[in-house]
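Visitor: Build me a structure from this.
(2 chains)
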Amino acid sequence: MKTINSTPNLDSLIPGESATIVAIQTDEALRQRLSALGFRAGKRIELIRKASFSGPLQVRIGTTDILLRRNEASKISVHKT
Amino acid sequence: MKRIALLGMPNTGKSTLFNRMTGGAARVGNWPGITVELLSGKILIGGDMVEIIDLPGIYDIHGFSEDEQVVRHFLHDNVPDLAIVVLNATQIERQLSLLLQLKQYNLNMVVLLNMADEAKKFGITIDTAKMSASLGIPIFLLSAKYGNGYQESLQAVTKALRYTTPGMAEELRSQLEQDAHIESEMARVLQHSVQVPARLPDNLTTQLDHLMLHPWLGLPIFFGIMYLLFQGIFFFGQPLQVGVGDLFGWLRESAVEPLLGGLPEFWQGMLLDGVYNGVATVAAFIPIIVLFFLFMAIVEDTGYLSRAAFLMDALMARLGLDGRSFVMLLMGFGCNVPALMGTRVMRSRSLRLLSMLVIPFSLCSARLQVFVFITAALFAPQSAAMVVFSLYLFSFAAAILTALIFKRHFSNSEPFVLELPPYRFPTLRQMLLRGWHEVYHFIHRASKFIILGVVLVWLLTHLPTSAVPAGPDTWAGHIGAWLHPVFEPIGITAELTIALIFGFVAKEIVVGSLAVIYGLSGQALSGTLALQLDWVQAYSFMLFTLIYTPCLSTIATLRSESKSNGFMWLSLGWSLALAWGVSFVFYQGARALGY
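Guide: Residues are numbered from 1 along each chain as shown, chains lettered A, B, ... in the order given. I've put the predicted structure just below:
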């Protein structure tokens, strides 16, 4: 279900860009895992690089680097700063 | 006996600490979720023997992965006298959540902030006294890798063990959903005791990743590193292998033969040509095994495997797998069994089963021995490394083909989220421990399987006593003749068929059983093989060895990890069918082309 959404998602950032996490719209299990890795609303997140061939993204929250697929990243809405 | 549990998130150095405390060798790897079985050790603390258990790394005590369930069950059923909670000091602002969750269980706890050396480099300062006061738990800085802060930590553990275990109230066990309050609690503790610089300094990891994860160069660099690794194993390992082989030959002539001279001929033959030749041939591979695992340990401990997951995930996604499956495939190069167990970090059963179906095609170190031996015997020294490398490519190809065929039956939508640790370089102590650990395992297996295996092979090839040894009238000859219609179309002779049957138990036996079948070892065996086989037959034999069932341990692990007999038979049947098919296409194709 796609609603009209003015906030961009994490996968729309370009490498080097920073943003603030606005919301995480995933199922409960993934939300919990992401939260343990530092994904929480209000946290600053930086996109470090994207793998070629539509591979995963490397992001940085605080001192932790995390890999996640574009599919998962598209469920995290951010506010560019 | 009092019990201490080691708890923490993946990749915080729990296993390194465990090794330091027990002096034993738990597997140490810079890869989230590597500790897949509960390792335990007994140590003397404050005059008493204490059992210490290394629990799997978890992100969240309420999480849904198998590891998280294991820890939850463990804490519920075996409340430890003391929990040592290991947190990564460089990620304290995030890992504190696990500590606060654990605090709700009212456990007797000591907190060790590990990787204090790294945190210092990042400019992160932690006031342990303040943090300790605001949490009401003893907290210490530690570098488990280099040992700084270890003595203080041990003293704190000794002291904390004197308190009686508070026990866990039943309402606390059920009262698990208090995470909302954790976030504000985290902020309160961090505010006064931790300072993290706003931006991390550009460190070595960033610079290395710039090259290693480069959009175009990343993959070629990865394959380059793998190629150099295997070249290196050959370059350093083969002279050592020949040396050890010669040493055993000399020992036989100068000591063992005179010693056994008084025995009847039958027993002399079995002990010398059976046990001694078989074991000596296998033992000659110890240098290669040690080198292999040393190199793998370096790659693993540096954190490069997670980079490989990043580089390969796009391809793996198209195969219905993910980056972690690829890492497990690479781990399978060492041994398939721990790689199969490593799939426990996956939550989706389909993804786990598909990964477990492809992992047995990983060319493990036991199969490497067979290939090193056969290529050395039948191929020119210049091309030997290329031949073995081509088998690694076949290993990947078999895995890819299998995933493509079965991905529809095991389709999944498991999210791929993985922590990327900074590069770390293992200390010499860690590498030596690991090397010793692998030699120990090898010798342990050798004493169990290989001696029994080579004795059986000797009996099969020498009974009944009236027959010519290894001839068509022996029991082995009869088995070979019976299976001849199956193996003749792929160029595999009766002698090799016997070796393959024993290879089903463990690939370590294959070369040893060849030594027994031919009654020769070392250079003499290589020479005879070169006379009896041409390269097409040898390569077909190696393809079959590569693809069919790795060993009994792998089958047992497949069964126990999947908890399904059907899945075990599927893996067994598919790998045998694929092995025969690939060898058939290769052998008949090469013959048709005139080779």
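Visitor: Could you pull out the strands in the stretch 301-450 of chain B for me?
Guide: Ranges of strands in the stretch 301-450 of chain B, per DSSP state E, counting those that start in this stretch, are B:417-420.
Visitor: Close to chain A: what parts of it are there?
Guide: B:306, B:309-311, B:313-315, B:317, B:322-323, B:347, B:415-422 (C-beta under 8 Å from any C-beta of the partner chain). C-beta here means a position set from N, CA and C on the backbone, and glycine is covered the same way.
Visitor: Name all residues that make contact with the closest residue to B:Gly323 other than its chain neighbours.
Guide: In space, B:Gly323 comes closest to B:Ala309 once its chain neighbours are excluded; the distance is 3.0 Å by C-beta to C-beta, 6 or more residues apart in numbering or on different chains. Residues in contact with B:Ala309 (C-beta atoms under 8 Å, 6 or more residues apart in numbering or on different chains) are A:Leu67, B:Asp322, B:Gly323, B:Arg324, B:Phe326, B:Val327, B:Leu418.
Visitor: Using PyMOL, make a named selection holding only the buried ones among these.
Guide: Applying 16 or more other C-beta atoms under 10 Å in any protein chain shown to the contacts of B:Ala309, the buried members can be selected in PyMOL as follows:
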select buried, (chain A and resi 67) or (chain B and resi 322+323+324+326+327+418)
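Visitor: Mind picking the two most distant members of the contacts of B:Ala309?
Guide: Across these, the longest distance by C-beta to C-beta is 12.2 Å; it joins A:Leu67 and B:Phe326.
Visitor: so what sits against both of those two?
Guide: Residues touching both A:Leu67 and B:Phe326 (C-beta under 8 Å, 6+ apart): B:Ala309, B:Asp313.
Visitor: what are the ranges of the helices in chain A?
Guide: In chain A, the helices defined using DSSP state H lie at A:28-36, A:70-73.
Visitor: so which of the contacts of B:Ala309 comes closest to B:Gln268?
Guide: Distance to B:Gln268 across the contacts of B:Ala309 (C-beta to C-beta) is lowest for B:Val327, with 49.5 Å.
Visitor: Need the contact partners of the worst-scoring helix or strand of chain A on mean pLDDT.
Guide: Least confident helix or strand of chain A, by mean pLDDT, DSSP states H and E, is helix A:28-36 with a mean of 85. Contacts to helix A:28-36, defined as C-beta under 8 Å, 6+ apart, come from residues A:24, A:26, A:72, A:76, B:9, B:59-60, B:62-64, B:94, B:97-98, B:347, B:415, B:417.
Visitor: Mind giving me the ChimeraX select for those residues, buried ones only?
Guide: In ChimeraX, this line selects whichever of those come out buried by 16+ other C-beta under 10 Å:
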select /A:24,26,72,76 /B:9,59,60,63,94,97,98,347,415,417
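Visitor: which residues touch the residue in chain B sticking out farthest from the centre?
Guide: Taking C-alpha atoms, centre = their mean, the residue of chain B most remote from its mean C-alpha position is B:Ser466, at 45.6 Å. Residues near B:Ser466 by C-beta under 8 Å, 6+ apart: B:Asp473.
Visitor: Could you tell me how far it is located from B:Val455?
Guide: Computed as C-beta to C-beta, to the nearest Å, the B:Ser466 to B:Val455 distance reads 20 Å.
Visitor: try B:Ser134
Guide: 66 Å.
Visitor: Please apply the same query to B:Pro80.
Guide: 46 Å.
Visitor: repeat for B:His76
Guide: From B:His76 to B:Val455 the distance is 47 Å (C-beta to C-beta).
Visitor: of those two, who's got more company?
Guide: Between B:His76 and B:Val455, B:Val455 has the larger neighbour count (other C-beta atoms under 10 Å in any protein chain shown), namely 16 against 11.
Visitor: Look at that one and report its pLDDT.
Guide: What the model reports for B:Val455 is a pLDDT of 84.
Visitor: For it, which non-adjacent residue is closest in space?
Guide: Closest to B:Val455 by C-beta to C-beta, 6+ apart is B:Gly274, at 5.6 Å.
Visitor: Go ahead and confirm that neighbour touches B:Gly453.
Guide: No - contact between B:Gly274 and B:Gly453 fails when scored by C-beta atoms under 8 Å: they sit 10.2 Å apart.
Visitor: neighbour-wise, which of the two wins?
Guide: Each of B:Gly274 and B:Gly453 has its neighbours counted (other C-beta under 10 Å); B:Gly274 has more, 26 against 23.
Visitor: other SSEs contacting the longest helix seen in chain B?
Guide: Longest helix of chain B, by residue count under DSSP H: helix B:218-251. In terms of contacts (3 or more C-beta pairs under 8 Å, 6 or more residues apart in numbering or on different chains; DSSP states H and E), helix B:218-251 is packed against helix B:204-212, helix B:277-283, helix B:286-302, helix B:304-318, helix B:365-378, helix B:381-406, helix B:522-532.
Visitor: Pull out the buried residues from it.
Guide: Buried-residue list, helix B:218-251, by 16+ other C-beta under 10 Å: B:218-219, B:221-222, B:226, B:229-230, B:233-234, B:237-238, B:240-241, B:244-245, B:248-249.
Visitor: cool, and stretch B:138-154?
Guide: B:Pro138, B:Ile139, B:Phe140, B:Leu141, B:Leu142, B:Ser143, B:Ala144, B:Lys145, B:Gly149, B:Tyr150, B:Ser153, B:Leu154.
Visitor: The first one contacts B:Val110, correct?
Guide: Yes - the criterion here is C-beta under 8 Å, and B:Pro138 meets it with B:Val110 at 5.2 Å.
Visitor: how about B:Asn336, what does it touch?
Guide: By C-beta under 8 Å, 6+ apart, B:Asn336 lies in contact with B:Ile359, B:Pro360, B:Ser362, B:Cys364, B:Pro550, B:Cys551, B:Thr554, B:Thr557.
Visitor: What are the boundaries of the strands in chain A?
Guide: Secondary structure of chain A, counting by DSSP state E: strands at A:18-24, A:44-50, A:57-61, A:64-68, A:76-80.
Visitor: Residue in the stretch 201-350 of chain B with the shortest distance to chain A?
Guide: Evaluated by C-beta to the nearest C-beta, the stretch 201-350 of chain B has B:Ala314 as its residue closest to chain A, separated by 3.4 Å.
Visitor: So of the buried residues of stretch B:138-154, which two are at opposite extremes in space?
Guide: Spatial extent of the buried residues of stretch B:138-154 (C-beta to C-beta) is set by the pair B:Pro138 and B:Lys145 at 21.5 Å.
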